[in-house]
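[1] Output the structure for:
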Amino acid sequence: MSQTQHTSKQFDAELEHIRRQVLSMGGLVEHQITAAIEAFKRNDLALFNHIIDDDSRINGLERAIDELCTNVIAKRTPAAIDLRFVMMSYKIITDLERIGDEAKKIALFSRGMATSGRLSGARYPELKHLSVLVTAMLRHALDSFARLDVETAPENVRRDDEVDALFQAILRQLLTYMIEDPRTISVSLDIIFIAKALERIGDHAKNISEYVIYLIKGTDVRHGSIEKIEEAARS
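    As a prediction, this is how the structure comes out:
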């Protein structure tokens, strides 16, 4: 085996290690979202605390993958799609870390409601629907990254509009409750903060889908229309 072949195999292995670590981080973050909503439903203080404590694992993975990417750039000076892969991996883990922060916020607000007794009467099914939507967005975005396939990316970006519409519907309903009965203000505000955290998770999942399009197609579709995103994915 020549030195060039040996170096190439090492480089491929390093890129694959980054890919696997990003997907591992994504799986942990997805679990955090699901667990946060499950804890909200069950009024589970132990699970709230576990989610909050696990945020440090997500932060640790971000630092570790950041270092892997930095080392690859320093040692291998990647170009073209390999460089885009490393740079988009940087961006993806940043969004994953922020999703983890939002899951932690959900657990913190829910724990505060639980310890004050406000959570026992707060069973808001729309939050479950919203959490299912944003978790599916994250899963599809990570699947696109894993397979280096942009086929589902535009549809995933389009789902963000559905998430935004549902958040606005929840906000309007809760505002109505607060106006009609001021006693609901405290719990309604907490639920609004939880719904907003879920809406922000959808934004980050959308970002990841856009990064995948750039990684594969080399076209920056951030802040572009859905038509531009669909055109870039087809090209």
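
[2] which SS class is Glu223?
    You called it Glu, but residue 223 is His. Here His223 is coil, with the state taken from DSSP: H, G, I helix; E, B strand; the rest coil.

[3] same thing with Ser131?
    helix.

[4] list the contacts for it?
    Ile33, Thr34, Ala36, Ile37, Leu198 (CB atoms under 8 Å, 6 or more residues apart in numbering). All C-beta spots, glycine's among them, are computed from the backbone N, C-alpha and C.

[5] and after the helix or strand hosting Ile33, which helix or strand comes next?
    Applying DSSP states H and E as the criterion places Ile33 in helix 3-42. The C-terminal neighbour of helix 3-42 among helices and strands, as given by DSSP H and E, is helix 45-76.

[6] before we move on, the earlier item: quick one: which of the contacts of Ser131 is nearest Val150?
    Ile33 (23.7 Å; CB to CB).

[7] That closest one: neighbour count?
    24 (other CB atoms under 10 Å).

[8] what does the model give it for pLDDT?
    Looking at Ile33, its pLDDT stands at 96.

[9] quick revisit: how far away from the center of its chain is the helix holding Ile33?
    13 Å (CA atoms, centre = their mean, to the nearest Å).

[10] what comes up buried for that helix?
    By neighbour count on 16 or more other CB atoms under 10 Å, the buried set for helix 3-42 is 14-15, 18, 21-22, 25-26, 28-30, 32-33, 35-37, 39-41.

[11] what's the answer for stretch 227-235, then?
    So stretch 227-235, judged by 16+ other CB under 10 Å, has buried residues Ile229, Glu230, Ala232, Ala233.

[12] Which one of the contacts of Ser131 is nearest to Lys91?
    Among those, and counting by CB to CB, the member closest to Lys91 is Ile33, at 19.5 Å.

[13] burial of the spatially closest residue to Leu198 that is not a sequence neighbour, as a residue count?
    Closest residue to Leu198 apart from its sequence neighbours, by CB to CB, 6 or more residues apart in numbering: Leu130 at 4.7 Å. Neighbours of Leu130 under the rule other CB under 10 Å: 25.

[14] contacting residues around Leu130?
    Contacts of Leu130 (CB under 8 Å, 6+ apart): Val163, Leu166, Phe167, Ile170, Ala195, Leu198, Glu199.

[15] ok so, going back, ok, which pair from the buried residues of stretch 227-235 is furthest apart?
    Across the buried residues of stretch 227-235 (CB to CB), the longest gap, 7.4 Å, separates Glu230 and Ala232.
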